[in-house]
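> here are the coordinates; sequence isn't available:
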């Protein structure tokens, strides 16, 4: 049985009198693809924001590799091995494509201040190594020919891929993908499926929020369904498709 990588316990997040997430518990197994689905407003992105440290839970706890992370800032959570993309693109548009990825690499492989000031040989060696690593993330996503272009000049689909490349440059153990297929055409979604499948083969655990049910049912090992901030079902894609509560939420009681 796969080892638990992430554990969410009785997680609740309230905004004023509204509970966006209520008493939510689930586990994400190492090396698997887990999908978090549900209607708009069901608490999916709020859950992502709490896992990545961008929101603090009102109550409950989150453990990553048995380390409690719900009180940590985002940069410390990222250094533990959790990277994410965002539903609304979060790239540095005025920087080049490769500079976006280099920022993430430098977070994991920092250059010492004295190396920069003295322009030491080690600085140029690390700079060259970082560029080579950046290209290794850009190439599988078809971004190598855009490396020197401003990120904002990329077509929308490639901007999505750039955000994934930057997240991967953090060398994560777990990748959170928030609506990664949103705005992509059929061919772009097909490439995204291949990317996610390859990441799984490389041992990256993936938790994704996604509205494209065809994609979810094709790629996910396990599916967690939320409605009004609460978990109503969890299981394999086949089990979820037949679950009466899920059918009621998506298709109506009739």
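Cool, the structure landed. Note that the structure is a prediction, hence the values are computed from the model and not measured.
> how is residue 98 assigned, secondary-structure-wise?
helix (DSSP: H, G, I helix; E, B strand; the rest coil).
> show me where this structure has helices.
Using DSSP state H, the helices of the chain run over 44-51, 74-80, 97-108, 113-118, 121-138, 156-168, 186-201, 213-219, 237-242, 244-251.
> lowest average pLDDT across those helices?
Among the helices of the chain, helix 113-118 has the lowest mean pLDDT, at a mean of 47.
> so which of the helices of the chain is the most packed in?
helix 44-51 (a mean of 24; mean count of other Cβ atoms under 10 Å). For every residue, glycine as well, the C-beta is placed using N, CA and C.
> for it, packing partners?
The contact analysis (3 or more Cβ pairs under 8 Å, 6 or more residues apart in numbering; DSSP states H and E) places helix 44-51 against strand 4-15, strand 18-29, strand 33-37, strand 174-178, strand 205-209.
> which elements pack onto the fourth one?
If contacts are counted by 3+ Cβ pairs under 8 Å, 6+ apart, strand 174-178 sits against helix 44-51, strand 82-84, helix 156-168, strand 205-209.
> need those in JSON lines (columns: distance to residue 32).
Converted to JSON lines, the helices and strands packed on strand 174-178 look like this (distance: least, Cβ to Cβ, whole Å):
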{"stretch": "helix 44-51", "distance to residue 32": "16"}
{"stretch": "strand 82-84", "distance to residue 32": "15"}
{"stretch": "helix 156-168", "distance to residue 32": "18"}
{"stretch": "strand 205-209", "distance to residue 32": "6"}
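> who wins for proximity to residue 60 among these?
helix 44-51 (8.5 Å; Cβ to Cβ).
> about what we covered before: now the helices of the chain as TSV including distance to residue 58?
Converted to TSV, the helices of the chain look like this (distance: least, Cβ to Cβ, whole Å):
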stretch	distance to residue 58
helix 44-51	10
helix 74-80	18
helix 97-108	29
helix 113-118	40
helix 121-138	36
helix 156-168	27
helix 186-201	32
helix 213-219	28
helix 237-242	28
helix 244-251	24
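> for residue 37, which of the ones you listed is the nearest?
For those, the distance to residue 37 is smallest for helix 213-219, at 6.0 Å, taking Cβ to Cβ.
> that closest one packs against which elements?
Against helix 213-219 (3+ Cβ pairs under 8 Å, 6+ apart) you get strand 33-37, helix 186-201, helix 237-242.
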